[in-house]
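1. Output the structure for:
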Amino acid sequence: MFKGAMVAIVTPFKNGKVDEKALRELIEFQIANGTDGIIPCGTTGESPVLSHEEHDRVIEITVKAVKKRVPVIAGTGSNSTDEALRLTKHAHEVGADGVLMVAPITTGRPRKASTSITS
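-> Purely as a prediction, here's the structure:
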């Protein structure tokens, strides 16, 4: 089980793309300053705007940069069950130690709205 203070690390961008160098530097900074774990694509807000390829790459970079010094808990939640499963499988395959996930929400088809106007 995981314990301690873990950081949901931001995904840095430069010129509209993930800044891989800055991400590695942030990871090193956090580890050097005592974090007990790194959470890429977590709850910092940018994961919904990452492409699937970017999301996968951020997790891969994090796992490789951390080198098992602290746990990597990959954010793999999605509104789509299929996407959440794919992200979780990928995180496992690249060596993440766990995942941070919200259950996909279930929404039905919208019902036909009816409006009644009375005078």
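2. Sketch out the strands for this structure, chain order is fine.
-> Remark: strands assigned in the chain by DSSP state E are 7-8, 13-14, 17-18, 38-39, 73-75, 98-100.
3. Test my guess that residue 50 contacts residue 41.
-> Yes - using C-beta atoms under 8 Å, residue 50 makes contact with residue 41 at a distance of 6.8 Å. C-beta coordinates here come from the backbone N, C-alpha and C atoms, glycine included.
4. quick revisit: pick the most deeply packed of the strands of the chain.
-> With neighbours defined as mean count of other C-beta atoms under 10 Å, these peak in mean count at strand 73-75, which reaches a mean of 26.
5. Tell me how far the residue at minimal distance from the centre of the chain lies from residue 34.
-> Nearest to the mean C-alpha position of the chain, by C-alpha atoms, centre = their mean, lies residue 41 at 2.1 Å. According to C-beta to C-beta, to the nearest Å, residue 41 stands 22 Å off from residue 34.
6. Could you do residue 13 as well?
-> Residue 13 is 26 Å from residue 34, by C-beta to C-beta.
7. And for residue 61?
-> Distance, residue 61 to residue 34, using C-beta to C-beta: 21 Å.
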